[in-house]
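>>> one predicted model, sequence on top.
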Amino acid sequence: MKLIPFLLTGLLAAQELSVERMKSDLNALVTREMNGRVALEPGSKLAADFIAEGFRKAGLQPCCNGSYLQEFPLVAPLGDPSASRLIYQGKSLSFTGTFKTAVDLRAPLVFAGYGITAPEYKYDDYLGLDAKGKIVVIFDREPQEADAKSVFLGKGLTKHVAPRVKRLNAQAHGAVAVLVIPSPRSTTAPPAGASAPLRGGAATMFDEAIRIPMLTLSKTDVAKLLPDYESLQDGIDRTLRPASRSVPGEAEIRLRNRGVQQGVTWNVIGILPGESQEAVLLTSHYDHLPERDGHFYPGANDNGSGTVAVMELARAFAAGKKRPRRTLVFISFGAEEEGLLGAFHYVEHPLFPLAGTKAVINLDMIGRDEAHTSQTEGRLNVPADTRLHLNLLGGAYFPALLKQVRRANAKVGLDLDEKFDHDSTQNAIYRCDHFPFLVAGVPDLWFFGGWHPGYHEPSDTVEKINWEKMQRVTRLAYLTAQRIAN
Ligand SMILES: [Zn+2]
């Protein structure tokens, strides 16, 4: 492997991007006191304040009435399975899912295919279907996901695969609840070991936009509701013609919680004003995981790495002699691990018009070398040497931005890889904060070092960070933002 001496390459003076400062910031974010920086726990406020102080010292302007914190509410219900039920034609069906409030409803059912409305692919499961006041039954995933020739971006996944997109689509069509059928032909990889719910039983946190419950049926009970579900899926996949229809009878849903944890958390946002309201966003998330079974989760790579890179980028741009023409916005999101909630909140409450937001460069897990995990083995092509390897996600949606990154990379020398845009097994498209921007049509890319053993485990520590990679990825983000902001 050839290493390009970082200090000698290109426009950026070495003192403007400092690995030493990034190391110092990272050590501050992984302390026992910060305790995984998880939303709704005290460590997340310590982390948010630390990043805010970094933005202030860099000379950025605060986002929100003199503060660097954009506050937003969170609700985390602890479901009570013994008091919750789903009844269909006198039979009790097993399911997973919770809701933020108690639910008691009884309604007729409709089957709505994949639950997708995608005019860009001339596909609409809701065409001619009256879902108003109904419980909508849908497959998870998207049509033809393993078909390289599919209009749904071939083997890559589109935004329509995301559960939240499906839920909001059902909501927009007047549905009162969603029942999800695990697709029999899904190619998705079984989750790696460490994907247990974040806090005892509360797998999901809720944001303001979600108004209806969504439950996932257990595989064993799907046939009780929709006996021909396998041939239904095959038919849709073969013809790309929706097979939506009513389902006989009504279903009854009763959901109860043992408790509900409520509070607020924060996006940390600093602004470097340009000459216009047009903006370029440099983003990361700072939150990670709670203590579990006495184990502490430092989250050095996920996502201390992206967070300290954004802090360093803020210092470099603020100290630069020439201000970029467009406004630069530096953001570290809260509650990413709970479902990208900070990024969704920003997109719903943007500080600069989304239509004038020229690019979002999202940095998440940029400091480790990709290596196979049980989830990727046999499904994904991971090169043998990933020391200077960086994945870019979102280029299938935003090729012009991808081109800019590739041009900037001529001065950086990373091996850029777009494999996650052509993969249906890892669901990478909706696993990070770039996704809410992608859904909103704002050009964005996720700079992603890739998964590795130790992901979401206590062993995600500072010693394992590849600082050569860290500095190059940070520099690539700098050069890309500089191109787009001028
Ligand atoms: Zn992350």
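Cool, got the structure. Numbering: from 1, shown residues only.
>>> report pLDDT for the residue nearest to Gly356 when sequence neighbours are not counted.
In this structure, Gly356 finds its nearest non-sequential neighbour in Glu278, 4.3 Å apart by CB to CB, 6 or more residues apart in numbering. Using the backbone N, CA and C atoms, a C-beta is placed for each residue, glycine as well. As predicted, Glu278 sits at a pLDDT of 98.
>>> OK, contacts around Glu278?
Arg326, Thr327, Phe352, Gly356, Thr357, Lys358 (CB atoms under 8 Å, 6 or more residues apart in numbering).
>>> can we see that at 10 Å?
The contact partners of Glu278, by CB atoms under 10 Å, 6 or more residues apart in numbering, come to Arg325, Arg326, Thr327, Phe352, Pro353, Ala355, Gly356, Thr357, Lys358, Ile484, Ala485.
>>> partner residues bridging the third one?
So the one you mean is Thr327. Ala279 (DSSP bridges).
>>> quick one: the strands in the stretch 151-300 of the chain, in order.
Assigned by DSSP state E, counting those that start in this stretch, the stretch 151-300 of the chain shows strands spanning 177-181, 214-217, 245-255, 257-272, 279-285.
>>> between the ones you listed, which gets nearest to the ion?
strand 279-285 (5.7 Å; CB to the ion).
>>> could you work out the most separated pair of the contacts of Glu278?
Arg325 and Ala355 (17.5 Å; CB to CB).
>>> reformat the strands of the stretch 151-300 of the chain as JSON lines; add distance to the ion and mean neighbour count.
Formatted as JSON lines, the strands of the stretch 151-300 of the chain follow (distance: least, CB to the ion, whole Å; neighbours: other CB atoms under 10 Å):
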{"stretch": "strand 177-181", "distance to the ion": "24", "mean neighbour count": "25"}
{"stretch": "strand 214-217", "distance to the ion": "23", "mean neighbour count": "21"}
{"stretch": "strand 245-255", "distance to the ion": "29", "mean neighbour count": "16"}
{"stretch": "strand 257-272", "distance to the ion": "15", "mean neighbour count": "21"}
{"stretch": "strand 279-285", "distance to the ion": "6", "mean neighbour count": "28"}
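>>> distance to Asp234 added to those strands, as TSV?
As requested, the strands of the stretch 151-300 of the chain are arranged in TSV below (distance: least, CB to CB, whole Å):
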stretch	distance to Asp234
strand 177-181	13
strand 214-217	19
strand 245-255	16
strand 257-272	38
strand 279-285	39
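>>> Gln471: which of these is closest?
That would be, of the strands of the stretch 151-300 of the chain and by CB to CB, strand 279-285, which comes in at 15.5 Å.
>>> quick one: that closest one to strand 257-272, angle?
Interaxial angle, strand 279-285 versus strand 257-272 (axes from the mean of the first three to the mean of the last three CA atoms, to 10 degrees): 140 degrees.
>>> report pLDDT for the residue positioned nearest the centre of the chain.
Centrality entry for the chain: nearest residue to the mean C-alpha point is Cys432, 2.3 Å, by CA atoms, centre = their mean. With respect to pLDDT, Cys432 has a value of 96.
>>> I'd guessed Ile269 sits against Phe72; true?
No. Applying CB atoms under 10 Å, one finds Ile269 not in contact with Phe72, separated by 11.7 Å.
>>> anything in contact with each of these two?
Between them, Ile269 and Phe72 share the contacting residues Phe333, Tyr346, judged by CB under 10 Å, 6+ apart.
>>> quick one: secondary structure of Leu476?
helix (DSSP: H, G, I helix; E, B strand; the rest coil).
>>> Phe420 and Arg326, how far apart?
Distance, Phe420 to Arg326, using CB to CB, to the nearest Å: 28 Å.
>>> could you tell me how many residues sit around Ala408?
Neighbourhood size, Ala408 [other CB atoms under 10 Å]: 21.
>>> write out the residues of the stretch 301-450 of the chain neighbouring the ion.
Selection of the stretch 301-450 of the chain residues close to the ion by CB under 5 Å from the ion yields Asp302, Asn303, Asp364.
>>> tell me the contacts of the first one?
Residues near Asp302 by CB under 10 Å, 6+ apart: 285, 287-289, 336-337, 364-368, 449, 451-452, 454-457, 460.
>>> export the residues of the stretch 301-450 of the chain next to the ion as a markdown table, with columns for distance to Gly79, secondary structure and pLDDT.
Listed next are those as a markdown table, based on distance: CB to CB, whole Å; DSSP: H, G, I helix; E, B strand; the rest coil; pLDDT from 0 to 100:
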| residue | distance to Gly79 | secondary structure | pLDDT |
| --- | --- | --- | --- |
| Asp302 | 26 | helix | 97 |
| Asn303 | 28 | helix | 97 |
| Asp364 | 28 | coil | 98 |
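>>> okay, Lys159: pLDDT?
97.
>>> and Val412, by the same measure?
Looking at Val412, the pLDDT reads 97.
>>> ditto for Ala47
Predicted confidence (pLDDT) for Ala47: 98.
>>> in which helix or strand would I find it?
Applying DSSP states H and E as the criterion places Ala47 in helix 42-58.
>>> how far away is the nearest residue to His160 once chain neighbours are set aside from the ion?
Spatial nearest neighbour of His160, chain neighbours left out: Ile116 (4.4 Å); criterion: CB to CB, 6+ apart. To the ion, Ile116 is 26 Å away according to CB to the ion, to the nearest Å.
>>> for Ile116, what are its contacts?
123-126, 138-139, 141-143, 152, 158-161, 165-166, 169, 236, 242.
>>> which strands or helices does the helix holding Ala47 pack on?
Judged by 3 or more CB pairs under 10 Å, 6 or more residues apart in numbering; DSSP states H and E, helix 42-58 is in contact with helix 19-29, strand 61-62, strand 69-79, strand 257-272, helix 306-319, strand 327-333.
>>> let's see that with 6 Å instead.
strand 257-272, helix 306-319 (3 or more CB pairs under 6 Å, 6 or more residues apart in numbering; DSSP states H and E).
>>> send the alpha carbons of the first one over as PDB?
Same thing as strand 257-272. C-alpha atoms of strand 257-272 as PDB (Å, rounded to 0.1, in the frame of the first residue of the first chain):
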ATOM      1  CA  ASN A 257     -47.100   0.100  27.400                       C
ATOM      2  CA  ARG A 258     -45.600  -0.700  30.800                       C
ATOM      3  CA  GLY A 259     -44.100   2.700  30.800                       C
ATOM      4  CA  VAL A 260     -43.100   5.600  28.500                       C
ATOM      5  CA  GLN A 261     -39.800   7.400  28.700                       C
ATOM      6  CA  GLN A 262     -40.100  11.000  27.400                       C
ATOM      7  CA  GLY A 263     -37.700  13.800  27.100                       C
ATOM      8  CA  VAL A 264     -35.800  15.900  24.700                       C
ATOM      9  CA  THR A 265     -32.500  15.600  22.900                       C
ATOM     10  CA  TRP A 266     -30.400  17.800  20.600                       C
ATOM     11  CA  ASN A 267     -28.800  18.400  17.300                       C
ATOM     12  CA  VAL A 268     -25.700  20.500  17.700                       C
ATOM     13  CA  ILE A 269     -25.500  23.100  15.000                       C
ATOM     14  CA  GLY A 270     -22.900  25.800  14.200                       C
ATOM     15  CA  ILE A 271     -23.000  28.100  11.200                       C
ATOM     16  CA  LEU A 272     -20.300  29.800   9.100                       C
END
